[in-house]
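Student: Starting from these lines, generate the structure:
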Amino acid sequence: MQQAADWIDLTGKVAHVTGGAKGIGRGISRALAMAGAKVMVSDVNLDGAKATAEDIDGAAMFLDVSDRVAVDEAMAHTLSTLGRLDILVNNAGVYQEFGGPVRDITDDMWRTLWSVNVDGVFYCCRAAADVMIKQGNGGRIINVSSTQAVTPGVGVTYDGSKAAVAQMTKALALELAAYNINVNALAPGPTWVNEGAPPATNGAPPPPTGNPLGDTVADRIARLPKGHWGDPMEQGKAVVFLASSMSDFVTGIYLPVDGGWLTL
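Tutor: Sure, this is the predicted structure:
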């Protein structure tokens, strides 16, 4: 008789996690490894990727997801190194220093952010889908979007890019369902990825600063229903669900893991 634990078991599966050097990417990589998957960790921060891989007995490589040729080579490298590719997690992204008022956004800032957050997701999805279709065993593609795809707060660059990822996910879910490839989007809410303990959340909303973008985020964090910041492993657990047979009939969804952020 099959046990419920078997539904979450990823033994024998191979995952590629982009942006796995730290933060949410490291949490996702750890969670997948804990569920039994062999993980290829890629990042522009190769030392960080190697540290993550060493921690989970995985493999590591340098990858700039905005480079189309490098992405194709990375998926081929995963295949040649680990033997197959069952799960792709598109976590690589840029955030800091790319938000703010539209009048402050330069052409270079816009292009740099979108080349990673949107072009990179597309390149990786295309390359991984090609590998999975040729394998003939289906697969899982999990794109990391954000709650700010729905409730903007950082600015048109980041928020717009994450909305694009959410819609891209739905379109790919329709196209790839015929190949038994499930495509879903993870939408992290406030997740503490820095050193040290996170600041308190629940309490009186902070006084307005006059910055409508910053005020939106600060106010929501102060009123977060769960009362605390999330941590990377909570995002990782959700990815394990989407990567496992627990979600065999789940595709095209946008899954907030946000402590209630979107209920506010």
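
Student: Can you name every helix or strand that the lengthiest strand in the chain contacts?
Tutor: Longest strand in the chain by number of residues, with DSSP state E as the criterion: strand 181-188. Using 3 or more CB pairs under 8 Å, 6 or more residues apart in numbering; DSSP states H and E as the contact test, the elements touching strand 181-188 are helix 120-135, strand 139-144, helix 156-176, helix 232-243, strand 254-257. C-betas here are computed from N, CA, C, even on glycine.

Student: Show me which residues of it are buried.
Tutor: 181-188 (16 or more other CB atoms under 10 Å).

Student: Direction included, what does it pair against?
Tutor: strand 139-144 (parallel), strand 254-257 (parallel) (DSSP bridges).

Student: of all those, which lies closest to residue 264?
Tutor: strand 254-257 (11.7 Å; CB to CB).

Student: what does that closest one contact?
Tutor: By CB atoms under 8 Å, 6 or more residues apart in numbering, the surrounding residues in contact with strand 254-257 are 145, 147, 149-150, 166, 169-170, 184-189, 230, 234-235, 238, 242, 262.

Student: Would you mind listing which of those are buried?
Tutor: Restricting those to buried positions leaves 145, 147, 149-150, 166, 169-170, 184-189, 230, 234-235, 238, 242, with burial counted as 16+ other CB under 10 Å.

Student: Can you name the residues that contact residue 244?
Tutor: Under the contact definition (CB under 8 Å, 6+ apart), the residues listed for residue 244 are 7-10, 35.

Student: what does residue 73 give?
Tutor: Going by CB under 8 Å, 6+ apart, the list of residues near residue 73 is empty.

Student: And it, how close does it get to residue 231?
Tutor: Taking CB to CB, to the nearest Å as the criterion, residue 73 is separated from residue 231 by 33 Å.

Student: for residue 54, same thing?
Tutor: As defined by CB to CB, residue 54 lies at a distance of 21 Å from residue 231.

Student: Compare those two (neighbour count), which wins?
Tutor: residue 231 (15 against 12; other CB atoms under 10 Å).

Student: Hmm, that one is touching residue 192, no?
Tutor: Yes. In terms of CB atoms under 8 Å, residue 231 counts as a neighbour of residue 192; the distance is 6.0 Å.

Student: Okay, now the unreliable bits of this protein?
Tutor: Applying pLDDT under 70 to the predicted model, the chain contains no residue that meets it.

Student: for it, what spans make up the strands?
Tutor: Using DSSP E, strands in the chain cover 14-18, 38-43, 59-62, 87-90, 139-144, 181-188, 254-257.

Student: and of those strands, who's closest to residue 214?
Tutor: Nearest to residue 214, of all those, is strand 181-188, at 18.7 Å by CB to CB.

Student: Go ahead and produce CSV holding the CA coordinates of that closest one.
Tutor: The C-alpha trace of strand 181-188 is given here as CSV (Å, rounded to 0.1, in the frame of the first residue of the first chain):
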residue,chain,number,x,y,z
ILE,A,181,4.8,19.2,-17.7
ASN,A,182,3.2,21.1,-15.0
VAL,A,183,4.0,24.8,-14.9
ASN,A,184,3.2,26.9,-11.8
ALA,A,185,4.3,30.1,-10.2
LEU,A,186,5.4,30.6,-6.6
ALA,A,187,4.6,34.0,-5.1
PRO,A,188,6.7,34.7,-2.0
